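Visitor: sequence-free structure coming up:
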């Protein structure tokens, strides 16, 4: 069994404290293991087939973790959907603001014309 952690290439004294550890297990020699549970675990690692109570429990834990991982991944998408919806709403809001400004400008121009007409009518009277 070999255990690895992330370390800094330039300064090997610095270990990345992210809690990630990689373990590499040579399972090809499972027949030589003296401990029955270790032997069944190594065989399970090599074949993927559960052949003891211990490896059956390991397999169930892995399935549970996979299910939770899938649920977590689906849950993590929710904030993305919310962000997308907020972005789309912001886009709609910006469009409405732009249209309202354009309408206000049109109304100002129309009001200016009406005032000019009104002044002309007053001057002609």
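Guide: That came through, no problem. All values reported here derive from a predicted model rather than from experimental measurement.

Visitor: where in this structure is pLDDT low?
Guide: For the chain, the stretches with pLDDT under 70 are 69, 71-81.

Visitor: Would you map the strands across it?
Guide: Assigned by DSSP state E, the chain shows strands spanning 2-5, 21-24.

Visitor: Now render those as CSV, adding mean neighbour count and distance to residue 109.
Guide: Heads up, the C-betas are built off the backbone N, CA and C, glycines and all. Below are these laid out as CSV (neighbours: other C-beta atoms under 10 Å; distance: least, C-beta to C-beta, whole Å):
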stretch, mean neighbour count, distance to residue 109
strand 2-5, 10, 70
strand 21-24, 9, 70
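
Visitor: With distance to residue 45 as added columns, please give those strands in a markdown table.
Guide: Output for the strands of the chain, formatted as a markdown table (distance: least, C-beta to C-beta, whole Å):
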| stretch | distance to residue 45 |
| --- | --- |
| strand 2-5 | 14 |
| strand 21-24 | 11 |
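
Visitor: need the helices for the chain, in chain order.
Guide: In the chain, helices defined by DSSP state H lie at 36-47, 53-124, listed in chain order.

Visitor: what's the closest of the ones you listed to residue 20?
Guide: helix 53-124 (15.3 Å; C-beta to C-beta).

Visitor: list the helices and strands that closest one packs on?
Guide: helix 36-47 (3 or more C-beta pairs under 8 Å, 6 or more residues apart in numbering; DSSP states H and E).

Visitor: Quick check on residue 11: phi, psi?
Guide: phi -140, psi 100 (degrees, to the nearest 10).

Visitor: what's the closest of the strands of the chain to residue 88?
Guide: Closest approach to residue 88 among these (C-beta to C-beta): strand 21-24, 41.1 Å.

Visitor: Direction included, what does the closest one pair up with?
Guide: Strand pairing for strand 21-24, using DSSP bridges, gives strand 2-5 (antiparallel).

Visitor: re earlier: buried deepest among the helices of the chain, which one?
Guide: helix 36-47 (a mean of 16; mean count of other C-beta atoms under 10 Å).

Visitor: what does that one contact?
Guide: 25, 27-31, 33, 49-52, 54-55, 58-59 (C-beta atoms under 8 Å, 6 or more residues apart in numbering).
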